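Novice: My questions concern the predicted model and sequence given below.
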Amino acid sequence: MTAPIRKLRVATTSLAGCFGCHMSFLDIDERILKLVELVEFDRSPITDIKQCGPCDLGLIEGGVCNAENVHVLREFRKQCKILVALGACAVNGGLPAQRNRLDLRDILEEVYVTEDGLARGSKIPNDPELPLLLDKVRPIHEVVRIDYFLPGCPPPADAIWKFLTDLIAGRTPVLGHGLLHYD
Amino acid sequence: MKTSNSEVSAQANARGARAKAARPAEANNVFTIDGREIPFEPGQTVMQAALTAGVFVPHLCYHPEFRPHGSCKLCTMKVNGRPTTSCTLPAAPGMEVENNTTEINDKRRLLIQMLLVEGNHFCPSCEKSGNCKLQALGYALGVMSPHFTLFYPVRPVDASHPEMLLDFNRCILCELCIRASAEVDKKNVFALSGRGLKKHLIVNAESGRLADTDFAPTDKAAEVCPVGVILRKRRGFAVPIGKRTYDLKPINEQADRFKPLTPLPKEEF
Ligand code: SF4
Ligand code: SF4
Ligand code: FES
């Protein structure tokens, strides 16, 4: 029997994203069985652990659109040795950043107050539990240092697999033609 | 950034070989790129000779049917130790040119990143994705991130024309549409306005709207944009994502060398 290797500890989260990158991650299909021999998951939608402990690797889906996103991103940066921007929204803001050319108050007014078909008396939610929205959606490299970027909307499962296996094997991840996509 | 040892030694070898070999006069129209001998015809630029010889040269503002513009700087090479745009530099015998080195490609990656953050480049919702030269060069050179702080400029689209759409968010100011409209179509539909960060593409009409010009989808200017600004309406996804030009083969494997290269008129230099 070979000596048990220490498994890499991996955390993942979705900030201002649509969970598409996490779905693409799960699209590695049965290769996930091979992966769990090499890694174990910390905070992640897969485990439902709420606080990130010390990790080797953190995968961040989505940019930052509210104060909670910034808080979680900073927690990940503190706990993860290697932090990765996973997917278009983490890399450049992506679809949520399409709101950046609009005024935030105008958006909230339209969605909660002036839009047709709203319940009578509908107003902009103001519960202290709700995270404060940022004026603009920003990519995560503008908030914390990011070690690797994996573009794509979402990055294909094969790209995520190639990236992870390169990294776990101690190689600099290289995607190459067909796997490196901005779309 | 230092060049790697192998790059340095390749140049030294090329230098030594040339010093020894006495060449017949007609073979003198030769220079080297990364140590490889490149023949040229008098009047050709370094870029034209390189493309003819099958050397990949990243470029955005160059188009084989137009006079070189020298604005995007992606074709920059180091000629006898000095960085120069290869699309504007006439080839000369004995030049020692560096092209595919880490040092130069790092600079090219920075240029692409600057172009990406200056505009709004959201490839997942761009009809040009897969056919876009900026994107394809990003792939070929391994640009993984925007690196810089994004500008998120506000640039409204012009959808006034019945058949064509202008999405200014992606304009890289290469002036190809301006040159095509003025020189080939003789219509002068486009122009640049403003300076520095405020420089932007405008439509030559009092209203500023494309619908109020004689622009037509058959114009040369309608086909030259290297990125996703000048688009045909109602053509979205005619070719699906994944089956487009640079999805099939990377841009460095489909360089412009198969297109006719126009030698430059003498007075250009
Ligand atoms: S123009 Fe090119 S780089 Fe810009 S969004 Fe479109 S496909 Fe992407
Ligand atoms: S619209 Fe296209 S062709 Fe015209 S200047 Fe902009 S990028 Fe170049
Ligand atoms: S191709 Fe030479 S500067 Fe643009």
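Specialist: Yep, it's here. Ligands and ions are numbered 1, 2, ... in the order given.
Novice: In contact with the residue lying closest to residue A:132 once chain neighbours are set aside, which residues?
Specialist: Leaving out its chain neighbours, the residue that sits closest to residue A:132 by Cβ to Cβ, 6 or more residues apart in numbering or on different chains is residue A:67, at 4.4 Å. (C-beta placed from N, C-alpha, C; glycine too.) For residue A:67, the contacting residues are A:131-132, A:134, by Cβ atoms under 8 Å, 6 or more residues apart in numbering or on different chains.
Novice: Pick out whichever of those sits closest to chain B.
Specialist: residue A:134 (12.5 Å; Cβ to the nearest Cβ).
Novice: Tell me if that closest one really is in a strand.
Specialist: Yes: counting by DSSP: H, G, I helix; E, B strand; the rest coil, residue A:134 is part of a strand.
Novice: For chain A, which residue gets nearest to ligand 3?
Specialist: Nearest residue of chain A to ligand 3: residue A:182, at 20.9 Å (Cβ to the nearest ligand atom).
Novice: which residues of the stretch 101-250 of chain B fall in strands?
Specialist: B:164-166, B:190-193, B:200-203, B:230-232 (DSSP state E, counting those that start in this stretch).
Novice: how far does the first one sit from the chain's center?
Specialist: If I follow you right, that is strand B:164-166. When C-alpha coordinates are averaged (Cα atoms, centre = their mean, to the nearest Å), strand B:164-166 and its chain have centres 22 Å apart.
Novice: measure the closest residue to residue B:246 other than its chain neighbours to residue B:199 for me?
Specialist: Spatial nearest neighbour of residue B:246, chain neighbours left out: residue B:136 (3.9 Å); criterion: Cβ to Cβ, 6+ apart. Residue B:136 sits at a distance of 24 Å from residue B:199 (criterion: Cβ to Cβ, to the nearest Å).
Novice: what about the residue of chain A closest to ligand 3, neighbour count?
Specialist: 24 (other Cβ atoms under 10 Å in any protein chain shown).
Novice: Okay, now the unreliable bits of the chain?
Specialist: Going with chain A. A:1-4 (pLDDT under 70).
Novice: Let me rephrase: I mean chain B.
Specialist: Where chain B drops to pLDDT under 70, the residues are B:1-27, B:256-269.
Novice: Mind checking which of residue B:136 and residue B:199 has more residues around it?
Specialist: residue B:136 (23 against 11).
Novice: which ones are touching that one?
Specialist: B:245-246, B:250-251.
Novice: Next one: it from residue A:160, what distance?
Specialist: Taken as Cβ to Cβ, the span from residue B:136 to residue A:160 is 22 Å.
Novice: Ok, residue B:106 next?
Specialist: In terms of Cβ to Cβ, residue B:106 sits 26 Å off from residue A:160.
Novice: which one of these two has more residues nearby?
Specialist: Remark: of residue B:106 and residue A:160, residue A:160 carries more neighbours, 27 against 11, as counted by other Cβ under 10 Å.
Novice: Pretty sure that one sits against residue A:25.
Specialist: Yes: the pair residue A:160 and residue A:25 qualifies as a contact (Cβ atoms under 8 Å) at a distance of 5.4 Å.
Novice: Before I go, just wanted to say thanks for your time.
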